[in-house]
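>>> Output the structure for:
(one chain, ligands or ions: 1)
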Amino acid sequence: MPLSLIDIGANLTHGSFDDDREQMMQRARDAGVTRMVVTGASSQGSIDAAALAEAHPGTLYATAGVHPHYAKDYDDATAPLIRELASKDVVVAVGECGLDYFRNFSPREEQLVAFRSQLEIAAETGLPVFLHQRDAHDDFVEVLEPALPRISRAVAHCFTGEHESLREYLSLGLWIGVTGWICDERRGRHLHDIVSSIPDDRLLIETDAPYLLPRTLTPKPGTRRNEPAFLPEVLRIVAQARGQSEEHVARITTENAVRFFGLD
Ligand SMILES: [Zn+2]
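Okay, the predicted model is just below:
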């Protein structure tokens, strides 16, 4: 059986793909990555992600939301825009949204407002939510936990934390997205030891392209740009760390993505 993977987080509207977007998507399909969820991270980015997905039915889907970096741009027009995008068939999640105190590109107060608003939209629309958290664990859980009973499903995308926060996320019912961070022998080593504590039915894989090029790729690509065609490398390292076959991890992560996003 050829692979049929789903990249649940790919920033395919990123300018670095402007010159070869169609070829990049063909390389993904050739590598067995048959479906990709395009991350919407700002108002314009979410509009673009939905448009890109509508141009590639059955292959691309999109999320609609505002990343905490752009929370300072979250104004009266933003929530209605996300709601409108959320009504499209290709938009399968609200987000990415959450808190990022690592860089604080937006003031924390504005991050909290944008996060709460998007959780409310997820609750209203019934769509799952695509979550980002960096260096903001306590506030993140404090805002998220009371909202969860009204939210269908939630994924902590690009999980890079320690075992303690993984346990807490799992007990909250979150699904866990693992990227090529796990392929980084410097920063991702700890993920090898804890990725096996993610139950089979909560594990998702993603590239976060064009970011986070897997460092274990051989031969090394000529550019630092990551792309969905490299998702099988994330699969390989995750399977190795979990002591499971790649076929098994491919099957469960694809089934999980279909269930999580409600794909056909
Ligand atoms: Zn993110």
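
>>> Where does pLDDT dip in the stretch 1-150 of the chain?
Scanning the stretch 1-150 of the chain for pLDDT under 70 picks out 1.

>>> at 80 what do you get?
1-2 (pLDDT under 80).

>>> Now do the helices in it.
21-30, 43-54, 78-86, 108-125, 137-147 (DSSP state H, counting those that start in this stretch).

>>> I'd like those written out as CSV, with distance to residue 15 and mean neighbour count added.
Placement of C-beta: from N, CA and C, glycine included. Output for the helices of the stretch 1-150 of the chain, formatted as CSV (distance: least, C-beta to C-beta, whole Å; neighbours: other C-beta atoms under 10 Å):
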stretch, distance to residue 15, mean neighbour count
helix 21-30, 10, 15
helix 43-54, 11, 21
helix 78-86, 21, 18
helix 108-125, 23, 20
helix 137-147, 29, 16
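
>>> so can I have a markdown table of those showing distance to residue 160?
Listed next are the helices of the stretch 1-150 of the chain as a markdown table, based on distance: least, C-beta to C-beta, whole Å:
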| stretch | distance to residue 160 |
| --- | --- |
| helix 21-30 | 23 |
| helix 43-54 | 22 |
| helix 78-86 | 26 |
| helix 108-125 | 18 |
| helix 137-147 | 11 |
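
>>> Please identify which of the ones you listed is closest to residue 213.
Proximity to residue 213 (C-beta to C-beta) singles out helix 21-30 among the helices of the stretch 1-150 of the chain, at 13.5 Å.

>>> what packs against that closest one?
With contacts defined as 3 or more C-beta pairs under 8 Å, 6 or more residues apart in numbering; DSSP states H and E, helix 21-30 has no helix or strand neighbours.

>>> wait, which of the helices of the stretch 1-150 of the chain is closest to residue 237?
Residue 237 sits nearest to helix 21-30 of all the helices of the stretch 1-150 of the chain, at 18.1 Å, using C-beta to C-beta.

>>> Now that closest one - C-alpha only, CSV.
Only the C-alpha atoms of helix 21-30 are listed here, as CSV (Å, rounded to 0.1, in the frame of the first residue of the first chain):
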residue,chain,number,x,y,z
ARG,A,21,3.7,26.1,-5.3
GLU,A,22,2.1,23.6,-7.8
GLN,A,23,5.4,21.6,-8.1
MET,A,24,5.8,21.6,-4.3
MET,A,25,2.3,20.1,-4.0
GLN,A,26,3.1,17.5,-6.7
ARG,A,27,6.2,16.5,-4.8
ALA,A,28,4.1,16.1,-1.7
ARG,A,29,1.6,13.8,-3.5
ASP,A,30,4.6,11.8,-5.0
